[in-house]
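A.B. asks: compute the structure for the input listed below.
(4 chains)
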2 protein chains.
Amino acid sequence: MTPRLGVAPVRREQIVRATIRCLARDGYAGLTMKRVAGEAGVSQGILHYYFRDKAAMLAAAALRVTADLDRRVAAETRGARDARAWLRALIRACLRTAVEDRDFWRVFVEFWGEAFHDRRLATVNRRAYARARHLIGAGLTEGVTRGVLRPVAIEEGAAVTLALLDGLALQLTFDPELMTLPRATRVAETALFRYLVIGESP
Amino acid sequence: MTPRLGVAPVRREQIVRATIRCLARDGYAGLTMKRVAGEAGVSQGILHYYFRDKAAMLAAAALRVTADLDRRVAAETRGARDARAWLRALIRACLRTAVEDRDFWRVFVEFWGEAFHDRRLATVNRRAYARARHLIGAGLTEGVTRGVLRPVAIEEGAAVTLALLDGLALQLTFDPELMTLPRATRVAETALFRYLVIGESP
DNA sequence: CTCGGATAATTGGTCGACCGACCAAGAAAG
DNA sequence: CTTTCTTGGTCGGTCGACCAATTATCCGAG
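C.D. replies: Reported below is the predicted structural model:
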């Protein structure tokens, strides 16, 4: 009863990675099966063996990117002593990713666009945001109960944090010359600290 | 020397409006000349009389939406007594627009996606953000010099304000049931006031 | 006032290109 | 030998761009 160990997961991952690269380069409107197949180094037909259709590939790409970001945030925030360190780590993880892997937010943008008029994608998107809010909410809750953070409503604090990080990540992706990583990081810390941390307003 | 008064501007506007509706409904990937022509009630061929290609129509749609938002913000912030009232008006104008005209941010998202790999669109996008930063920067400068706002670096204050509004507008567009206008407004005011206004941190 | 040439605006249809989906058949792995 | 995996090619359909032909509009001349 050894679990069947085919090449399927590897090949699938290979295709998803290729999809992400194509998506970041050409956008969803310019995404074609031929290009993805070429980028992945496989035949065209196989794409339909692993994915129902193009939208499913987009969803898979978005899920992978989301999971990667989750992983990076988890790695960075692990071992944070207090809420301030945790917030700094969260900001750092998100914004650094936006700079080092510009593909990430490009995929997000393409995904958002399609999620507006595709129920499957909309559900995936809602779930991703719910997860993000929950993750941030957990950090905020701890900070509030320990008296480090102001007694802000968790849901609202998470919404603000998420919005600010999304917005700054977008600016980093749009125009890396204008908005740099150190600047974005400093700005985000200042704004979020004043909003969230007790005694942080000179 | 009376300026020629053709129907061109009207017809052009009509096509742009139709493009916006189609874009919001189907996204850029699902945008076809036939659909836009049908939505506008004109023939297909005429689209190429007014626009070089599909990308030009997207740019025109984005410019129109940006201009509309500008106008609303200007109308709302006109006559604000101090920086606090001005900030409140700015927040209100942006977020109300995101709710009342959900097409706006949908068009923005589609536009962002294409701007990533189209120079013309990228330039238009950069200009729009530069204009927004400048507009917000002007309001912040006045507030700082009058001693209402903290002596924050204008560029950075504008970036934070823009990022937060973008992020919240996105949440309002994605999931209007979860993020409502009153909540988004209250949250934005709390966060930005603590970040920007002197003596706003209980 | 209006006629008529010139220009602007609009139509409907054509064209080559390409797309996503699909499948029959074969290769590889178990 | 069976199941999984992969190929390469086909198919109907549609797309964006383009254009020749037609109609509407403008304006100066008579």
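
A.B. asks: just the C-alphas of the lowest-mean-pLDDT helix or strand in chain A, formatted as PDB.
C.D. replies: Comparing helices and strands within chain A by mean pLDDT, DSSP states H and E singles out helix A:8-26 as the least confident, with a mean of 93. Extracted in PDB, the C-alpha atoms of helix A:8-26 (Å, rounded to 0.1, in the frame of the first residue of the first chain):
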ATOM      1  CA  ALA A   8       2.400  14.100 -11.600                       C
ATOM      2  CA  PRO A   9       3.100  16.500  -8.700                       C
ATOM      3  CA  VAL A  10       6.400  17.500 -10.100                       C
ATOM      4  CA  ARG A  11       5.100  18.100 -13.600                       C
ATOM      5  CA  ARG A  12       2.100  20.000 -12.200                       C
ATOM      6  CA  GLU A  13       4.400  22.200 -10.200                       C
ATOM      7  CA  GLN A  14       6.500  22.800 -13.200                       C
ATOM      8  CA  ILE A  15       3.500  23.900 -15.200                       C
ATOM      9  CA  VAL A  16       2.300  26.200 -12.400                       C
ATOM     10  CA  ARG A  17       5.700  27.900 -12.200                       C
ATOM     11  CA  ALA A  18       5.700  28.400 -15.900                       C
ATOM     12  CA  THR A  19       2.200  29.800 -15.700                       C
ATOM     13  CA  ILE A  20       3.400  32.300 -13.100                       C
ATOM     14  CA  ARG A  21       6.300  33.500 -15.200                       C
ATOM     15  CA  CYS A  22       4.100  33.800 -18.300                       C
ATOM     16  CA  LEU A  23       1.400  35.600 -16.300                       C
ATOM     17  CA  ALA A  24       3.900  38.100 -14.900                       C
ATOM     18  CA  ARG A  25       5.400  38.700 -18.400                       C
ATOM     19  CA  ASP A  26       2.300  38.800 -20.600                       C
END
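
A.B. asks: hmm, the helix of greatest length in chain A touching DNA strand C?
C.D. replies: Ranked by residue count under DSSP state H, the longest helix found in chain A is helix A:119-145. No: under the criterion of CB under 7 Å from any atom of the strand, helix A:119-145 makes no contact with DNA strand C; the nearest approach is 12.2 Å. Any C-beta I mention is one placed from the backbone N, CA and C, and that applies to glycine too.

A.B. asks: show me what that helix is packed up against.
C.D. replies: helix A:54-77, helix A:83-100, helix A:103-115, helix A:154-174, helix B:154-174 (3 or more CB pairs under 8 Å, 6 or more residues apart in numbering or on different chains; DSSP states H and E).

A.B. asks: neighbours of the nearest residue to A:Gly147 once chain neighbours are set aside, how many?
C.D. replies: Here the nearest residue to A:Gly147 in space, its sequence neighbours aside, is A:Ile198; by CB to CB, 6 or more residues apart in numbering or on different chains that works out to 7.2 Å. A count of nearby residues for A:Ile198, using other CB atoms under 10 Å in any protein chain shown, gives 15.

A.B. asks: now swap in the one 3 residues further on and tell me
C.D. replies: Neighbours of A:Ser201 under the rule other CB under 10 Å: 17.

A.B. asks: shouldn't it be in contact with A:Arg194?
C.D. replies: Yes: taking CB atoms under 8 Å as the definition, A:Ser201 is a contact partner of A:Arg194 at 5.4 Å.

A.B. asks: next, show the common contact partners of the two.
C.D. replies: Any residue near both A:Ser201 and A:Arg194 by CB atoms under 8 Å, 6 or more residues apart in numbering or on different chains counts here, and that gives B:194, B:201.

A.B. asks: distance of A:Glu155 from A:Gly147?
C.D. replies: As judged by CB to CB, to the nearest Å, A:Glu155 and A:Gly147 stand 20 Å apart.

A.B. asks: neighbour count winner among these two?
C.D. replies: For A:Glu155 against A:Gly147, the residue with the higher neighbour count under other CB under 10 Å is A:Glu155, and the figures read 16 against 10.

A.B. asks: picking that back up, just name the most buried of the helices and strands packed on helix A:119-145.
C.D. replies: Each of the helices and strands packed on helix A:119-145 was given a mean neighbour count from mean count of other CB atoms under 10 Å in any protein chain shown, and the largest, a mean of 25, is that of helix A:103-115.

A.B. asks: and that helix, anywhere near DNA strand C?
C.D. replies: No: contact of helix A:103-115 with DNA strand C is not found when judged by CB under 7 Å from any atom of the strand; the minimum separation is 12.4 Å.

A.B. asks: where does pLDDT dip in chain A?
C.D. replies: Confidence mapping of chain A against pLDDT under 70 gives the ranges A:1-8, A:202.

A.B. asks: how does it look with 50?
C.D. replies: Low-confidence segments of chain A, defined by pLDDT under 50: A:1-4.

A.B. asks: and the helix or strand harbouring A:Arg194, what does it pack onto?
C.D. replies: Assigning secondary structure by DSSP states H and E places A:Arg194 in helix A:181-196. Applying 3+ CB pairs under 8 Å, 6+ apart, we find helix A:181-196 packed against helix A:83-100, helix A:154-174, helix B:154-174, helix B:181-196.
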